[in-house]
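In: here is my input; please provide its structure:
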Amino acid sequence: MSTILFGEIVFGPIHSRRLGVSLGINLLPDDGKVCSFDCIYCECGYNADKRSKKGLPTREAVYDALKARLKFMLEKGEKPDVITFAGNGEPTLHPQFEDIIEDTINLRDQYFPEAKVSVLSNANHIGKESVFRALNKVDNNILKLDSVFIETIEAINEPNQPDFSVDKLVDNLKSFNGNLIIQTLFLRGEHKGKKVDNTTDEEINAWLNAIKYINPKQVMIYSIDRETPEKNLEKLSKKELEKIAEKVRQAGLDVLVSA
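Out: Below is the predicted model:
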């Protein structure tokens, strides 16, 4: 199995370890990856290897594709648990992200009012007012925080902004006043000849302090599940993840483990 791209605007539904039956929405090109991170574990591969020759789908194209798929699922008696913005990169990069979120909520209410709307984001653009507003409207605002050490984030996530700040990221996450879910992928391995590990006591203790400060409504911790562009990575066991999860529970926070 190799890294993959999603070849259409609306894909699935697929079974998500964390969310159930998930109908996916890809706001990025269908022939390449567009992201402000370049995570070494991304199932879509590295940015440089997945250059797109197409533009982003329009708001109208997303609306039409989603409406058609929801109508088809309703006619077939297929019910999604969640409509999830994921796809080939970072969904909040789309310039019409807020408008598309509003369209999606309206369509959800029309066809499957019990389904949740979720966004999987690297949290790198939550300082933008329109993105912040949009994420506050969805049911599951799921934002990444893989470490609170800049060296580890640069090794694992490889943000492409030279002025990326961990402190700013954490403060922006705090600004949701609990209306968010933190997602963290734990791993060990090597990348570019250097050790990569966000599972040490130092890493976990600092991460946990940030989690308590942010005070999300839930924490999702998980490990590698699909093919990764960096091959020298280790998948953590359920037992290891549960050990970390217990520390989150002891802090009084809800935690979901996906191994």
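In: what's the longest helix seen in the chain packed up against?
Out: In the chain, taking DSSP state H as the definition, the longest helix is helix 59-76. Helix 59-76 sits against strand 10-16, strand 20-26, helix 97-111, with contacts defined as 3 or more Cβ pairs under 8 Å, 6 or more residues apart in numbering; DSSP states H and E. (Glycine included, C-beta is placed from N, CA and C.)
In: so residue 155 makes contact with residue 190?
Out: No - applying Cβ atoms under 8 Å, one finds residue 155 not in contact with residue 190, separated by 9.9 Å.
In: so the closest residue in space to residue 46 that isn't next to it in sequence: helix, strand or coil?
Out: Nearest non-adjacent residue to residue 46, counting by Cβ to Cβ, 6 or more residues apart in numbering: residue 229, 4.8 Å away. Applying DSSP: H, G, I helix; E, B strand; the rest coil to residue 229 yields a three-state assignment of coil.
In: can you pull out the helices in the protein?
Out: Counting by DSSP H, the helices of the chain are 59-76, 97-111, 129-135, 150-156, 166-174, 201-214, 238-250.
In: same list (these) but as JSON lines, adding mean neighbour count.
Out: Shown next, in JSON lines, are these (neighbours: other Cβ atoms under 10 Å):
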{"stretch": "helix 59-76", "mean neighbour count": "15"}
{"stretch": "helix 97-111", "mean neighbour count": "18"}
{"stretch": "helix 129-135", "mean neighbour count": "18"}
{"stretch": "helix 150-156", "mean neighbour count": "17"}
{"stretch": "helix 166-174", "mean neighbour count": "17"}
{"stretch": "helix 201-214", "mean neighbour count": "16"}
{"stretch": "helix 238-250", "mean neighbour count": "15"}
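In: closest one to residue 50 among these?
Out: Closest to residue 50 of the helices of the chain is helix 150-156 (Cβ to Cβ; 18.3 Å).
In: and of the helices and strands packed on helix 59-76, who's closest to residue 221?
Out: strand 10-16 (15.0 Å).
In: by contact count, what packs against that closest one?
Out: Using 3+ Cβ pairs under 8 Å, 6+ apart, strand 10-16 is in contact with strand 20-26, helix 59-76.
In: before we move on, back to that, make TSV out of the helices and strands packed on helix 59-76 and add mean pLDDT.
Out: Converted to TSV, those look like this (pLDDT from 0 to 100):
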stretch	mean pLDDT
strand 10-16	87
strand 20-26	93
helix 97-111	98
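In: distance to residue 206 for the ones you listed - can I get that in CSV?
Out: As requested, the helices and strands packed on helix 59-76 are exported to CSV (distance: least, Cβ to Cβ, whole Å):
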stretch, distance to residue 206
strand 10-16, 29
strand 20-26, 31
helix 97-111, 31
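In: alright, that wraps it up for me.
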